[in-house]
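Chemist: Here is a sequence together with a model predicted from it:
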Amino acid sequence: MDKKFGCACGSVEGETKKVEIQKPKDNWYLPYMDKKKKGIEVEEKKSPVVVFYCAGASNVGQSTMLSSVKAANEVGYDKTALLCLASISAGLANITNGAKNAKGIVAVDGCPMSCSMKTLEKAGFNPEEHIIISKDLNVPKNFDLNSSTDLEMIKDAVVEKINKVYDK
Ligand code: SF4
């Protein structure tokens, strides 16, 4: 009997499989900057564009987070990093240091209250790009936190902003 032998990774002897190369999904920038700040030796890397999202308690607020993660997965974490907006409000030095040393900043907000943008400005930052999902992308705001409609379209808009800042 003609038997094929497989291994745990799913490859089968005698078969040629198309291997999809995945971009690493490690949000490495903050721990890297922390090490640098402490004087720990690191392999030097180019600073990415950092994205802050409001993560508000509405459909569009939640979309800022979900779409930013999707966008980072798509462009890769060598090009972008996601940083915690709440840490900016809390005045944490490591996040502030990360934002200061970034290639640039994209602020993603759910609605015109612009909590992400205002928080960053209050902390002395001037983000290069800003998206307001309900206004710029015409996604109506509601309070269904499990709604994930338009995520692909929102992700595309975040990717565009990241690339714009990165290519400057
Ligand atoms: S920008 Fe709008 S959705 Fe985001 S946290 Fe502020 S009020 Fe909530």
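Modeler: Great, that's in hand.

Chemist: Tell me what G104 is bridged to.
Modeler: Bridge pairing for G104 (DSSP bridges) gives the partners V49.

Chemist: In this structure it contacts N163, no?
Modeler: No. G104 sits out of contact with N163 when judged by CB atoms under 8 Å, with a separation of 11.0 Å. (Each C-beta comes from the backbone N, C-alpha and C, glycine too.)

Chemist: Between those two, point out the one with more neighbours.
Modeler: In terms of neighbours (other CB atoms under 10 Å), G104 is the more surrounded of G104 and N163; the figures are 20 against 17.

Chemist: quick one: the more buried one and the ligand, what's the gap?
Modeler: Applying CB to the nearest ligand atom, to the nearest Å, one obtains 20 Å for the distance of G104 from the ligand.

Chemist: what does V159 give?
Modeler: V159 sits 20 Å away from the ligand, going by CB to the nearest ligand atom.

Chemist: How is that residue assigned, secondary-structure-wise?
Modeler: Of the three states, V159 takes helix under DSSP: H, G, I helix; E, B strand; the rest coil.

Chemist: need the contact list for it.
Modeler: A71, E74, V75 (CB atoms under 8 Å, 6 or more residues apart in numbering).

Chemist: S47 - nearest residue in space that isn't next to it in sequence?
Modeler: K103 (4.8 Å; CB to CB, 6 or more residues apart in numbering).

Chemist: Go ahead and confirm the one you found touches V49.
Modeler: Yes. Counting by CB under 8 Å, V49 is a contact partner of K103 at 4.9 Å.

Chemist: hey, what's in contact with both of those two?
Modeler: Applying CB under 8 Å, 6+ apart, one finds that K103 and V49 are jointly contacted by V165, Y166.

Chemist: Helices of the protein, start to end?
Modeler: With DSSP state H as the criterion, the chain has helices at 29-37, 59-75, 85-89, 93-100, 115-122, 133-136, 151-166.
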